[in-house]
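[1] Whatever this is, show me its structure:
(one chain, ligands or ions: 1)
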Amino acid sequence: MDMEKIRELVSQMTLEEKAGMCSGADFWHTKAVERLGISAVMVSDGPHGLRKQDEASDHLGINDSIKAVCFPAGCALASSFDRNLAEHMGRVIGEECQAEGVSTILGPAVNIKRSPLCGRNFEYYSEDPYATAEMSTALIRGVQSKNVGTSVKHFLANNQEKRRMTSSSDVDERTLREIYMVPFEGAVKNGKPWTVMNSYNRINGTYVGESKQYLTDLLRDEWGFDGYVMSDWGAVNDRVEALKAGMDLEMPSSNGVNDALIVKAVQEGILDEAVVNQACERILNIVFRYMENRDENAVFDMVKDHETASSVEEECIVLLKNDSDENGKHILPLNREQKIAFIGKYAEAPRYQGGGSSHINSWKVESALEAVKDIANVVYAKGFDDAADKADETLEVEAVHTAKDADVAVIFAGLPDSFESEGYDRTHLNLPDCQNRLIEKICNVQKNVVVVLHNGSPVIMPWKDSVSAIVEAYLGGQAVGKAEIKVLFGEVNPSGRLSETFPNRLEDTPCYLTYGKGKDHAEYQEGVFVGYRYYTTRDMDVQYPFGYGLSYTTFGYSNLMTDKTELTDTETLTVSVDVENTGYCSGKEVVQLYVAPVNSEVPRPVRELKGFEKIALEPDEKKTVTFTLDERAFAVWNTDFHCWDVPDGVYLIQICRNAQEVILEVAVQAKNTKRPRQKYTANTCMGEFFTDPKAQQIFGQMMAGNEQTKEMEESSQSEAISPEMLAAMMQDMPLRQLISFVPGMTWDAVNEILSVLNVD
Ligand code: BGC
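    Numbering: from 1, shown residues only. Purely as a prediction, here's the structure:
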């Protein structure tokens with residue numbers, strides 16, 4: 001339905017009907033107005049599968065939903081670094097939504113992993129804004145290609161679970177722009193989501209849901225968002241202020257309480273009815289978009305989608321370690337003829353999803369123990385039992401025996417449900433003690449130990465150097481076991497790369513000093529130095545860096561080239577590099593491009609990810625990978641002019657194996673042409689004048705004619721102050737200081753200089 005017809009429809013609604021349209025009918029539906037042919041439509045969680053609830057509704061994953069398919073969670077999907085894969089998964093979920101009559105799936109969740117402690121990191125994508133934006137945009141495109149909406153959440157700066165409903169994220173403008181807004185900006189501009197979900201929290205004291213600055217000025221006016229904004233569940237503080245700011249739909253229903261406030265505010269002249277009309281128009285635009293594009297033939301084929309969940313997870317698994325023996329033979333892939341022991345509860349009952357609103361009622365779970373049946377004979381010992389961090393002596397003894405008797409022991413470890421969930425944050429990065437102890441005991445009796453991890457966020461691995469191989473499966477969805485077996489036995493060559501840093505210690509993390517500390521204020525003091533931006537800039541050792549991941553083959557890089565060596569901020573730079581599979585089996589490589597400013601005056605991270613491509617290569621095959629970089633690859637957010645700004649200077653274009661390992665690099669020179677010229681004042685320092693040719697001339701003439709400055713220069717050649725020292729001291733001296741140091745200098749002369757130099 002076009003906007004004109006929608007406006008016409010809204011004009012026929014009563015004020016009460018319109019106020020009602022601005023909130024849910026119940027937990028999961030918008031309201032119908034039958035007399036006008038307006039249907040109620042359903043929204044459901046998300047993001048990595050369908051959580052469609054029938055009767056007993058809640059947003060914390062307490063009550064059951066319909067049986068569905070659980071795909072790999074955001075933490076895993078992001079590790080694939082494969083946009084096509086994310087889009088494919090989105091299409092499958094979109095089809096499921098069509099089949100189930102769900103108009104909008106509540107995701108993707110794109111908040112930045114500010115700290116590995118955030119309880120909800122398993123749903124989020126990355127500590128890197130660009131990677132998050134790219135992967136979530138692909139998912140959105142996939143879902144929406146099926147004429148089902150997405151809801152990019154949680155907008156904005158919702159990076160902790162602690163007091164998430166009231167806490168204020170106190171963040172500076174540059175950090176918001178460069179880190180926390182980027183995923184939403186990318187998703188909105190390139191994915192065109194039908195809806196955006198505003199977060200519970202405040203930013204610098206104001207609820208996001210009441211911020212015109214974010215919901216309207218930024219989202220709509222600057223980024224061009226044209227769908228509707230819905231509240232996170234219950235994220236409404238002042239309904240009238242929220243509506244004015246641009247929060248169109250309150251979810252879930254307030255049972256009429258807040259609708260009545262809207263009606264009253266209009267009647268009392270506090271709220272312009274046009275604001276209510278506009279919100280209704282935005283909501284109905286999306287409701288009709290869905291209703292008019294229903295696909296009655298869509299089917300939810302759970303068997304097929306289970307296979308998709310497995311094939312997606314195959315691309316997400318990250319191989320962290322794979323030692324070789326004295327003959328150079330790696331421990332992985334496993335050899336079917338070996339005597340293999342599977343140890344650990346998660347071999348039989350994997351942890352494959354997180355707790356809270358994203359919890360899927362999986363129709364089937366495929367464990368590694370089940371999937372291995374067709375491949376090899378393995379012996380199994382449970383090793384540890386439940387979520388409680390208590391060792392079970394009997395299980396432990398049995399596991400150690402089983403491992404000792406085998407040629408290789410594969411331990412399926414991970415975080416229990418209670419260790420990470422929506423609604424609260426972690427307090428440490430450890431696995432349960434009982435699991436760490438079990439791994440160590442097994443290492444004492446078995447030299448070939450492989451650990452497979454099931455977790456939604458980084459863990460500390462005290463046994464890292466004692467085991468031979470580590471496989472990070474993340475929370476890999478209901479078919480995780482099948483994907484693991486394919487990777488362990490080499491049917492699939494692992495190609496995931498970490499989308500977050502695994503630090504050595506919690507104390508090393510960038511926001512360790514502030515995270516979770518303030519009662520109602522979260523101070524983002526680390527600024528833009530989030531994740532690898534912090535560790536690389538401080539040159540710190542970590543367990544595994546961002547972008548890290550091994551393969552069963554090897555890749556060689558050569559021929560890094562750029563199409564120019566100098567560029568301005570209005571030009572693009574084309575970068576190409578050759579990548580070759582130099583090993584013996586086919587495999588996929590994630591080619592990572594970072595931009596590293598050289599001698600930046602603005603405090604900036606050592607390098608930032610600005611491009612990635614996942615490519616498949618047969619042995620000896622070589623491909624050229626091309627990237628196009630625009631202004632944003634070089635820019636910082638300028639807080640004087642409130643715009644993106646490329647500082648003049650040299651930038652290294654780096655092709656890296658991960659955030660810490662540069663393979664090839666080439667330098668380019670960038671020049672700013674867009675920044676408005678800043679006017680000189682009496683407080684401008686001399687260093688800035690020295691770089692301006694016109695100023696150089698004026699000051700040159702002035703100094704040449706002045707006896708005292710000549711004397712100063714002469715004495716500086718012989719005595720304590722060298723000319724270089726004098727120049728260095730002058731650098732940071734404001735123009736007005738010349739009055740004290742240069743005899744004959746007057747305010748008239750200062751103003752005269754300024755008026756000459758400030759002429760455009
Ligand atoms: C979560 C959202 C979720 C909503 C509905 C909230 O508590 O933060 O991500 O979509 O509930 O379940």
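[2] For Met42, grab phi and psi.
    Main-chain torsions, Met42, degrees, to the nearest 10: phi -100, psi 140.
[3] Please apply the same query to Met21.
    The phi and psi values for Met21, taken as degrees, to the nearest 10, are phi -60, psi -20.
[4] and it, what is it in contact with?
    Shown in contact with Met21 (Cβ atoms under 8 Å, 6 or more residues apart in numbering): 13, 30-31, 33, 38, 279-280, 283-284. The way it works is simple: take the backbone N, C-alpha and C, and place the C-beta from them, glycine included.
[5] do Tyr548 as well
    Under the criterion of Cβ under 8 Å, 6+ apart, the neighbours of Tyr548 are 318, 320, 497-498, 657-660.
[6] got it, and Val102?
    If a contact means Cβ under 8 Å, 6+ apart, then Val102 has 42-44, 50, 52, 96, 148 as its contacts.
[7] of all of the stretch 151-300 of the chain, which residue lies closest to the ligand?
    Trp233 (3.8 Å; Cβ to the nearest ligand atom).
[8] what's the burial count for that residue?
    As a burial measure, Trp233 scores 21 neighbours (other Cβ atoms under 10 Å).
[9] Am I right that it sits in a helix?
    No. Checked against DSSP: H, G, I helix; E, B strand; the rest coil, Trp233 lies outside a helix; its state is coil.
[10] Isn't it up against Pro252?
    Yes. If you go by Cβ atoms under 8 Å, Trp233 and Pro252 touch, sitting 5.9 Å apart.
[11] can you list the residues of the protein near the ligand?
    Those residues of the chain that sit near the ligand, judged by Cβ under 6 Å from any ligand atom, are 45, 59, 106, 153-154, 232-233, 357.
[12] from the stretch 451-600 of the chain, which residue is nearest to the ligand?
    With Cβ to the nearest ligand atom, the shortest gap between the stretch 451-600 of the chain and the ligand falls at Gly456, namely 14.7 Å.
[13] Could you check how far the closest residue to that residue other than its chain neighbours is from the ligand?
    Leaving aside its sequence neighbours, Gly456 sits nearest to Phe122 (Cβ to Cβ, 6 or more residues apart in numbering; 2.4 Å). The gap separating Phe122 from the ligand is 12 Å, by Cβ to the nearest ligand atom, to the nearest Å.
[14] Tally up the residues packed near Ala479, please.
    Using other Cβ under 10 Å, Ala479 is surrounded by 30 other residues.
[15] ok, now which ones touch the spatially closest residue to it that is not a sequence neighbour?
    Closest residue to Ala479 in three dimensions, ignoring its sequence neighbours and counting by Cβ to Cβ, 6+ apart: Ser310, at 3.5 Å. By Cβ under 8 Å, 6+ apart, the residues touching Ser310 are 366, 477, 479, 482-483, 486.
[16] Can you report phi and psi for the residue in the stretch 301-450 of the chain that the ligand sits nearest to?
    Here the stretch 301-450 of the chain gets closest to the ligand at one residue, Ser357, 3.4 Å apart by Cβ to the nearest ligand atom. The phi and psi values for Ser357, taken as degrees, to the nearest 10, are phi -70, psi -10.
[17] same check, this time on Val471
    phi -120, psi 120.
[18] show me what contacts it?
    317-320, 332, 450-453, 484, 487-488, 494.
[19] Now neighbour count too, for those residues, in TSV please.
    Converted to TSV, these look like this (neighbours: other Cβ atoms under 10 Å):
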residue	neighbour count
Ile317	29
Val318	25
Leu319	22
Leu320	22
Leu332	24
Val450	24
Val451	29
Val452	26
Leu453	24
Glu484	30
Val487	26
Leu488	27
Pro494	29
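[20] In strands, which of those residues fall?
    Secondary structure from DSSP state E places 318-320, 450-453 of the contacts of Val471 in strands.
[21] right, and the pair among those residues with maximum separation?
    Pairwise distances across these peak at 13.8 Å for Val318 and Val450 (criterion: Cβ to Cβ).
[22] Centre of the chain to stretch 635-651, how far?
    Remark: stretch 635-651 is offset 22 Å from the chain centroid, using Cα atoms, centre = their mean, to the nearest Å.
[23] same deal with stretch 561-576?
    With Cα atoms, centre = their mean, you get 27 Å for stretch 561-576.
[24] Tell me which residues are up against it.
    Residues outside stretch 561-576 that contact it (Cβ under 8 Å, 6+ apart): 559-560, 577, 593, 611, 624-631, 633-635, 645-646, 653, 666-674.
[25] filter those to the buried ones?
    560, 577, 593, 611, 625, 627, 629, 631, 633-635, 645-646, 653, 668, 670, 672 (16 or more other Cβ atoms under 10 Å).
[26] Tell me which of those fall in strands.
    560, 577, 593, 611, 625, 627, 629, 645, 653, 668, 670.
[27] Give me the below-cutoff pLDDT ranges for the chain.
    For the chain, the stretches with pLDDT under 70 are 55-57, 59-62, 386-388, 705-719.
[28] Wait, Gly414 touches Leu431, no?
    Yes. The criterion here is Cβ under 8 Å, and Gly414 meets it with Leu431 at 7.3 Å.
[29] how many neighbours does Ser11 have?
    11.
[30] Just list the residues touching it, thanks.
    Residues near Ser11 by Cβ under 8 Å, 6+ apart: Asn277.
[31] measure it to the ligand for me?
    Distance from Ser11 to the ligand, by Cβ to the nearest ligand atom: 32 Å.
[32] what's near enough to touch Pro305?
    Careful, residue 305 is Asp; it's not Pro. By Cβ under 8 Å, 6+ apart, the contact list for Asp305 reads 69, 92, 96.
[33] For ChimeraX, what selects the buried ones among these?
    Here is the ChimeraX command that selects the buried residues among the contacts of Asp305 (16+ other Cβ under 10 Å):
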select :69,92,96
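[34] For the ligand, what is the nearest residue in the stretch 551-700 of the chain?
    Residue nearest to the ligand within the stretch 551-700 of the chain (Cβ to the nearest ligand atom): Leu609, separated by 26.0 Å.
[35] Who is that residue paired with across the strands?
    Taking DSSP bridges as the rule, Leu609 bridges to Tyr594.
[36] tell me the SS of the residue nearest to Gly456?
    What three-state DSSP gives for Phe122 is coil.
[37] Just the helices from the stretch 551-700 of the chain, written as ranges.
    All helices of the stretch 551-700 of the chain, identified by DSSP state H, counting those that start in this stretch, fall at 686-690, 693-704.
[38] typo on my end, it should be the stretch 301-450 of the chain
    Residue ranges of the helices in the stretch 301-450 of the chain, as given by DSSP H, counting those that start in this stretch, are 302-316, 345-348, 368-371, 393-405, 433-445.
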